[in-house]
Every structure is written in structure tokens, then in C-alpha cells.
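Asks: pasting a predicted model and its sequence here:
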Amino acid sequence: MARYTGPKTKISRRFGEPILGNGKWLDKNSNPPGMHGDKKKRKTLGEYALQLREKQKAKYTYGILEKQFRKTFEEASRRGGVTGENLIKLCEARLDNTVFRMGIAPSRPAARQLVSHKHIEVNGDVLNVPSYQMKAGDVITIKEGSKGRTYITSMVRAKNPKFSWLDWNETEMKGTFITYPERESVPENIKEQLIVELYSK
């Protein structure tokens, strides 16, 4: 199963944001990667470079590789409404992202691992596909045989109240995907319109 396994801090430094982790190293060194850091004179990024940068940021944030990200964009463009907002909604509705948002895992890579290792059930069935698209009313639970594993239960925390499109009960280890989120409710700093412009060329 393809996924990014390279240096996470380097990617965070490239964008100047903790998009792959807690960003603790950005306090020590927030310069872009490279031997010259930010000392080397850099040209102002052009339109295409800005659009490409935004697409890369979204891909790294949600842990999606190019082919799958393009398919997600094509699905977003087929749906009614604003394509950019649809793209963010589809990324947020991925199973691994939903597990992360509910507080079952501390990061998206950790959530992806829980799903891949068959610790998560959706509507009573074990699913090991991180890209599975959640639908309104879908119920997520931790598999019964996994509830007694300390390394799993130690990661579980209360759901962030900001994510109103989800419901999670850490005592019962059960949650519900209520609906797709509105764009203003998603905290990620992604300019999705630039991605739409890039793919529309």
C-alpha cells in the first residue's frame, strides 16, 4: 500500500507549517530545506508554482498520493456545488481522516495504520481501506478484539468539539459520521481554489 515514508520535518519546513506532525522542530529551525536555508535569494513564486505548492500541501496533509488525489478531484468536479469545497469534503470523509478527527488516533498516519491493521469497524464490518469514503450515518467502532490492547486504548482521547460533523463517545469507543463538513469548519490551511485552477489547465 503506497504512502509517503520520507522525512516529515523536511516537508513541514518546506511549507512552514506542521502539516506532518506536531511541528516541534519548526521552533528550532523553520527555514526551508537546503544548505542555504532562507539566505539564498529566492524568486517570487509564479502562478503555476503557487498552484502546485498548494496541491502538494493538500496531498501531504491527507496522506494521498498523486493518482488517488486526481481521482478524488475528478469525483469532486462531478458533484454539484463548488469543486474546491467538494474536494476538501471528500478528503475529510476518508476513513483514516475520520478516525483521526474522532480522536481514536493522534495523527493521520497512526489512523491509517489502525485501519490497515483491521482494528476499525464501519457499520459492524471490519474495513482495512484507509481511503474508504464515509457516508452520513456510518458508525465507526474499534473492533471488539482490539479494545483490550493498551497501545490502542492509550491513543483514544475525547473528540474535539470543533468537529461538529462527527460524534464520538470515548467510553463506548463508538462514533458516527453525521454529515460532510462545511469548508469553514475544516481547520486546514489549504487554498483549494488554487488546486482547482491547476487541474483545470
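Replies: Yep, that arrived.
Asks: distance-wise, check the spatially most central residue of the chain relative to residue 186.
Replies: The chain has residue 62 as the residue nearest its centroid, 2.8 Å off, counting by C-alpha atoms, centre = their mean. Per C-beta to C-beta, to the nearest Å, residue 62 is found 11 Å from residue 186. Using the backbone N, CA and C atoms, a C-beta is placed for each residue, glycine as well.
Asks: again with residue 152
Replies: 26 Å.
Asks: and the helix or strand of the chain with the lowest mean pLDDT, what does it pack onto?
Replies: Within the chain, confidence by mean pLDDT, DSSP states H and E is lowest for helix 8-15 among all helices and strands, at a mean of 74. If you count contacts as 3 or more C-beta pairs under 8 Å, 6 or more residues apart in numbering; DSSP states H and E, helix 8-15 packs onto helix 47-62.
Asks: show me which residues of whatever helix or strand comes next after the helix it packs on are buried.
Replies: Moving toward the C-terminus from helix 47-62, the first helix or strand encountered (DSSP states H and E) is helix 66-78. Within helix 66-78, the residues that count as buried by 16 or more other C-beta atoms under 10 Å are 69, 72-73, 76.
Asks: same check, this time on stretch 128-138
Replies: Those would be 130-132, 134, 138, for stretch 128-138 by 16+ other C-beta under 10 Å.
Asks: Throw these into JSON lines and include distance to residue 114, thanks.
Replies: Shown next, in JSON lines, are these (distance: C-beta to C-beta, whole Å):
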{"residue": "130", "distance to residue 114": "9"}
{"residue": "131", "distance to residue 114": "14"}
{"residue": "132", "distance to residue 114": "13"}
{"residue": "134", "distance to residue 114": "15"}
{"residue": "138", "distance to residue 114": "16"}
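Asks: and which of these is nearest residue 122?
Replies: residue 138 (5.6 Å; C-beta to C-beta).
Asks: farthest pair within the buried residues of helix 66-78?
Replies: 69 and 76 (10.4 Å).
Asks: can you tell me which of the buried residues of stretch 128-138 are in strands?
Replies: residue 138 (DSSP state E).
Asks: ok, the buried residues of stretch 128-138 vs residue 53, which is closest?
Replies: residue 131 (23.4 Å).
Asks: from memory that closest one sits against residue 93, does it?
Replies: No. Contact status for residue 131 versus residue 93: not in contact, 10.0 Å apart, counting by C-beta atoms under 8 Å.
Asks: for residue 98, give me phi and psi.
Replies: phi -60, psi -40 (degrees, to the nearest 10).
Asks: got a list of what it touches?
Replies: When contacts are counted by C-beta atoms under 8 Å, 6 or more residues apart in numbering, residue 98 touches 92, 134, 140, 166, 177.
Asks: the third one - that's part of a strand, no?
Replies: Yes. Assessed with DSSP: H, G, I helix; E, B strand; the rest coil, residue 140 lies in a strand.
Asks: what pairs with it across the strands?
Replies: Beta-bridge partners for residue 140, by DSSP bridges, are residue 122, residue 175.
Asks: tell me the spacing between it and residue 148.
Replies: 18 Å.
Asks: check the fourth one too.
Replies: When C-beta to C-beta is applied, the distance between residue 166 and residue 148 equals 24 Å.
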